[in-house]
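[1] With the sequence up front, the predicted model follows.
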Amino acid sequence: MKTIVHKSETRGFANHGWLTSHHTFSFANYQNPERMNFGALRVLNDDVVQPKMGFGTHPHQNMEIISIPLKGALSHKDNIGNKRAIEVGEIQVMSAGTGLTHSEFNDSKTDEVNFLQLWIIPEELSVEPHYEQRLFSKEGKRNQLQTVVAPKDKLEGDALPISQQAYIYRTDLDADKMIKLHIKSGQNGFYIFVVDGDIEVANNKLSKRDAIGISETETIEIKANKNSELIIIEVPMN
C-alpha cells in the first residue's frame with residue numbers, strides 16, 4: 001500500500017477578494033511540482049465566492065469537470081444551452097471534450113457560496129461536450145457509499161457519466177461507524193477528502209479538509225471518530 005497525506009494547511013491559497021480558493025494540486029499561480037495530481041485527478045479546488053460575484057464566461061477543453069456545492073447555490077450558464085442553479089445535494093458534471101464556454105455566479109445578495117471543483121483527465125480526447133446535474137438524497141449516503149459519478153460505459157444507480165474509468169463517492173459517517181472501500185480496478189487508487197469531521201484511515205488521523213491518497217491496495221477501511229462527511233475519488237493511477 002502506498003499513501004500520501006495532504007493536510008489542509010499545506011494546500012495552495014489564493015485570495016482574489018471576490019473569491020478565495022484553496023488548491024490541493026497545482027493550479028493558476030500555485031505551482032508545486034510535488035502536488036501536480038493524484039493519478040487522473042488533476043484539480044481539487046475548495047472555492048468560496050462572495051455574494052453577487054462569480055466566474056465570467058471562460059473556456060474549457062478535454063477535461064472532466066465536477067462541481068460539488070457545500071454551501072449556497074451557484075448559477076451555471078454555458079454555450080450548449082444549459083442555464084440553472086446548482087444547489088447543495090446536487091452534483092454537476094461537464095465533459096468539456098472538443099470545447100465549451102461557461103460561467104458560474106453567486107446570485108445571492110447576502111450569502112457566500114462554497115463549492116468543490118474537481119478536474120479529472122479524460123481517457124479519450126475530443127468527445128462531444130456533455131453537461132448534466134442531479135440531486136442525490138442525503139439518506140442515500142448515510143453510513144454507506146453513494147456513487148455520484150461513474151464511467152459513462154459502466155454507470156451504476158443514478159451516477160452521472162464521465163469519460164474516464166473513475167468514480168466519485170460520497171458518504172456521511174456517524175461517530176464510531178466504519179466503512180470499507182473495494183477498488184474497482186487494480187490500476188486505480190483512492191483519494192479521500194474530509195469535507196468535515198475526524199477519521200482514521202491507513203494508520204492516519206485526518207480532520208476537516210485533510211486528504212489522503214491511497215494506491216496499490218484492494219481494500220481500505222475508514223473509521224469515523226465523530227460525525228464525518230467524506231468525498232472519495234477513485235481514479236486510474238497511470
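    On my side now, so go ahead.
[2] quick one, what contacts the closest residue in space to E112 that isn't next to it in sequence?
    Counting by C-beta to C-beta, 6 or more residues apart in numbering, E112 lies nearest to V48, which is 5.4 Å off, once chain neighbours are set aside. Heads up, the C-betas are built off the backbone N, CA and C, glycines and all. Residues near V48 by C-beta atoms under 8 Å, 6 or more residues apart in numbering: L19, T20, S21, E112, V113, N114.
[3] From these, keep the buried residues only.
    The neighbour-count test (16 or more other C-beta atoms under 10 Å) marks L19, T20, S21, V113, N114 as buried among those.
[4] Out of those residues, the closest to L125 would be?
    Lowest distance from L125 to these (C-beta to C-beta) belongs to S21, with 26.9 Å.
[5] so S228 sits right up against R170, yeah?
    No. Using C-beta atoms under 8 Å, S228 is not in contact with R170; the gap is 11.5 Å.
[6] Would you list the phi and psi of the spatially most central residue of the chain?
    Nearest to the mean C-alpha position of the chain, by C-alpha atoms, centre = their mean, lies L118 at 4.3 Å. Taking degrees, to the nearest 10, you get phi -110, psi 140 for the backbone angles of L118.
[7] Pretty sure it sits against A166.
    No. Under the contact definition of C-beta under 8 Å, L118 does not touch A166, with a separation of 9.6 Å.
[8] I66 contacts F115, correct?
    No. Counting by C-beta under 8 Å, F115 is not a contact partner of I66; they are 10.3 Å apart.
[9] picking up where we left off before, pLDDT at the residue lying closest to the residue nearest to the centre of the chain once chain neighbours are set aside, what is it?
    In space, and not counting its chain neighbours, L118 is closest to I66: 4.4 Å by C-beta to C-beta, 6+ apart. I66 carries a pLDDT score of 97 in this model.
[10] Pairing partners for I66 in the sheet, please.
    Going by DSSP bridges, I66 is paired in beta bridges with V93, L118.
[11] Identify the residues contacting it.
    Per C-beta under 8 Å, 6+ apart, neighbours of I66: I91, Q92, V93, M94, Q117, L118, W119, I120, V149, I162, I168.
[12] would a markdown table of these with distance to S26 and pLDDT be doable?
    Formatted as a markdown table, the contacts of I66 follow (distance: C-beta to C-beta, whole Å; pLDDT from 0 to 100):
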| residue | distance to S26 | pLDDT |
| --- | --- | --- |
| I91 | 24 | 97 |
| Q92 | 23 | 96 |
| V93 | 23 | 97 |
| M94 | 21 | 95 |
| Q117 | 14 | 97 |
| L118 | 14 | 98 |
| W119 | 11 | 98 |
| I120 | 15 | 98 |
| V149 | 22 | 98 |
| I162 | 21 | 97 |
| I168 | 21 | 98 |
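[13] Can you give me the neighbour number for V201?
    22 (other C-beta atoms under 10 Å).
[14] From what I see, it and K223 are in contact.
    Yes. Under the contact definition of C-beta under 8 Å, V201 touches K223, with a separation of 7.4 Å.
[15] Low-confidence regions, this protein specifically.
    Along the chain, the model assigns pLDDT under 70 to no residue.
[16] Which residue in it shows the largest distance from the geometric centre?
    Distance to centre of the chain, C-alpha atoms, centre = their mean, peaks at K109 (26.2 Å).
[17] That one: helix or strand, and which one exactly?
    Using DSSP states H and E, K109 sits in no helix or strand.
[18] re the thing from before, now do the shared contacts for L118 and A166.
    L41, I233.
[19] need the longest strand for the protein.
    strand 219-236 (DSSP state E).
[20] Restricting to C-alpha, output it in CSV.
    Provided in CSV are the C-alpha atoms of strand 219-236 (Å, rounded to 0.1, in the frame of the first residue of the first chain):
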residue,chain,number,x,y,z
THR,A,219,-9.5,-2.6,0.2
ILE,A,220,-9.4,0.2,2.7
GLU,A,221,-11.2,0.7,6.0
ILE,A,222,-12.3,4.1,7.2
LYS,A,223,-13.4,4.8,10.8
ALA,A,224,-15.2,8.0,11.9
ASN,A,225,-14.2,9.3,15.3
LYS,A,226,-17.0,11.8,15.1
ASN,A,227,-19.7,12.6,12.5
SER,A,228,-17.9,13.0,9.2
GLU,A,229,-18.6,13.9,5.6
LEU,A,230,-16.3,12.5,3.0
ILE,A,231,-15.8,12.7,-0.7
ILE,A,232,-13.9,9.7,-2.2
ILE,A,233,-12.4,9.8,-5.7
GLU,A,234,-11.3,6.6,-7.3
VAL,A,235,-9.1,7.2,-10.3
PRO,A,236,-6.7,5.4,-12.6
